[in-house]
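Q: Coordinates for the following, if possible.
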Amino acid sequence: MTDTLERTESDVSEPQRGRRTRGWRSVLLMVVFVVAGFVVTGVLPVREYLDRGNDVEAAQIELDGLKAENDGLVDDIDALYTAQEVERVAREQYGFVREGEVGYVVLTPEGEEPVAEAATPVPQVREQRSFFQRFWDFVTGNDQTNDG
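A: Alright, predicted model coming up:
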């Protein structure tokens, strides 16, 4: 009878210890994942990293536009060194003329734009209104003109 009453501690505690350590391990593992998730999303600038991708694309588009504009300006600079462009600038900005040519300067009063062509009067076209529209204008006084 004593054999049945005697139990060794290792026989009884081994299955219980395995269950307890598995439970603590899973809880510890979950805590580690939760803390790691918090660190990744809360502490590290994940959103900033994702937004940077969009900023880089927008900056690249802007850079391409600026490069195209720069290429156009380089072409303009190269054109300034041609004889035709130098002559055009000299004539427009400085009033230079070639030998044998006569240059004229037209002065306009301040604040007025120079007129390139003579102004031609625009013919007045009287709109065709129905009898009832003209009668209504007469009744309401809209047919009266204010001559000054």
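Q: tell me what the top helix by length along the chain is packed against?
A: Identified as the longest helix of the chain according to DSSP state H is helix 46-80. Under the contact criterion of 3 or more Cβ pairs under 8 Å, 6 or more residues apart in numbering; DSSP states H and E, helix 46-80 touches helix 83-94. Heads up, the C-betas are built off the backbone N, CA and C, glycines and all.
Q: Let me see the residues that make contact with the helix it packs on.
A: For helix 83-94, contacts defined as Cβ atoms under 8 Å, 6 or more residues apart in numbering pick out 79-80, 96-97.
Q: will you turn those into a markdown table that also has pLDDT, distance to E112 and neighbour count?
A: Formatted as a markdown table, those follow (pLDDT from 0 to 100; distance: Cβ to Cβ, whole Å; neighbours: other Cβ atoms under 10 Å):
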| residue | pLDDT | distance to E112 | neighbour count |
| --- | --- | --- | --- |
| A79 | 89 | 32 | 12 |
| L80 | 88 | 31 | 11 |
| F96 | 89 | 25 | 13 |
| V97 | 89 | 25 | 11 |
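Q: Looking at the residues you listed, which two lie furthest apart in space?
A: A79 and V97 (22.1 Å; Cβ to Cβ).
Q: Low-confidence regions, this protein specifically.
A: 1-21, 40-47, 114-127, 145-148 (pLDDT under 70).
Q: 50 instead?
A: The model of the chain has pLDDT under 50 over residues 12, 148.
Q: that older thread, would you format the contacts of helix 83-94 as JSON lines with distance to R22 included?
A: Shown next, in JSON lines, are those (distance: Cβ to Cβ, whole Å):
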{"residue": "A79", "distance to R22": "81"}
{"residue": "L80", "distance to R22": "83"}
{"residue": "F96", "distance to R22": "98"}
{"residue": "V97", "distance to R22": "102"}
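Q: so which of these would you say is closest to G103?
A: Taking Cβ to Cβ as the measure, G103 lies nearest V97 of the contacts of helix 83-94, at 4.2 Å.
Q: May I have stretch 89-102 exported as CSV, CA atoms only?
A: Taking Å, rounded to 0.1, in the frame of the first residue of the first chain, the C-alpha atoms of stretch 89-102 are listed here in CSV:
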residue,chain,number,x,y,z
VAL,A,89,17.5,92.6,-80.3
ALA,A,90,19.6,95.6,-81.6
ARG,A,91,16.7,96.8,-83.8
GLU,A,92,13.9,96.2,-81.2
GLN,A,93,15.6,97.4,-78.0
TYR,A,94,18.2,99.9,-79.2
GLY,A,95,16.7,101.3,-82.4
PHE,A,96,19.7,100.3,-84.5
VAL,A,97,19.4,100.4,-88.3
ARG,A,98,21.7,99.2,-91.1
GLU,A,99,23.6,101.5,-93.4
GLY,A,100,21.2,103.1,-95.9
GLU,A,101,18.1,102.6,-93.8
VAL,A,102,16.2,105.3,-92.1
